[in-house]
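*Asks:* Sequence and predicted structure below; questions after.
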Amino acid sequence: MTFEVNDKARGARKNLTLSSLTPWADLQNQVAQIFDVYPGSLQLQYRLSNEKQNSLPFDLNSHDAYVEMRNQLKPFVVPKILANGKPSKSIRKLVTVQLFNKGAEGDGVSGGKGAKVSRSLMLQRQATYIY
């Protein structure tokens, strides 16, 4: 499986190729390293590269969602069986899985929109302790 990891907060993307047998926890850890976040804080979403760019991405937040994503990808990887029982020899188009971290999308600041809110909340809490 080929993943295109889109880090909108940093304005960068990176390709990651993994076996379809890769466990969910390993995918989380590797993607978290690319986003430079704790694996538990990921809010992954995905879209297949053959879908329209303005279509809503699917959530990738559990093992079940990961299995569903692999099932959607399978027809593009496994050769089609012809009527005579032989596998098709037609060249298959490479479909990549575009990954996004929903929590990091924002205005280009490394923390994203959520980080600004949490900073202002911390200032409010500090102000209440002064009184």
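*Replies:* Structure's in. What do you need?

*Asks:* Quick one: mean pLDDT over the helix or strand hosting Asn71.
*Replies:* Per DSSP states H and E, Asn71 falls inside helix 63-77. The average pLDDT within helix 63-77 is 87.

*Asks:* Same question for it: list its buried residues.
*Replies:* Ala65, Tyr66, Met69, Arg70, Leu73 (16 or more other Cβ atoms under 10 Å). C-betas here are computed from N, CA, C, even on glycine.

*Asks:* One more: stretch 9-26?
*Replies:* Ala9, Leu16.

*Asks:* quick one: it to chain centroid distance?
*Replies:* Its chain's average C-alpha position is 7 Å from that of stretch 9-26, according to Cα atoms, centre = their mean, to the nearest Å.

*Asks:* Kindly report the same for stretch 47-55.
*Replies:* When C-alpha coordinates are averaged (Cα atoms, centre = their mean), stretch 47-55 and its chain have centres 13 Å apart.

*Asks:* Quick one: mean pLDDT over that stretch.
*Replies:* 86.

*Asks:* again, but for stretch 13-22
*Replies:* 88.

*Asks:* which residues are contacting that stretch?
*Replies:* 1-7, 26-27, 30-31, 34, 70, 73, 77, 96 (Cβ atoms under 8 Å, 6 or more residues apart in numbering).

*Asks:* Buried ones among those?
*Replies:* Restricting the contacts of stretch 13-22 to buried positions leaves Met1, Phe3, Glu4, Val5, Asn6, Asp7, Leu27, Val31, Ile34, Arg70, Leu73, Thr96, with burial counted as 16+ other Cβ under 10 Å.
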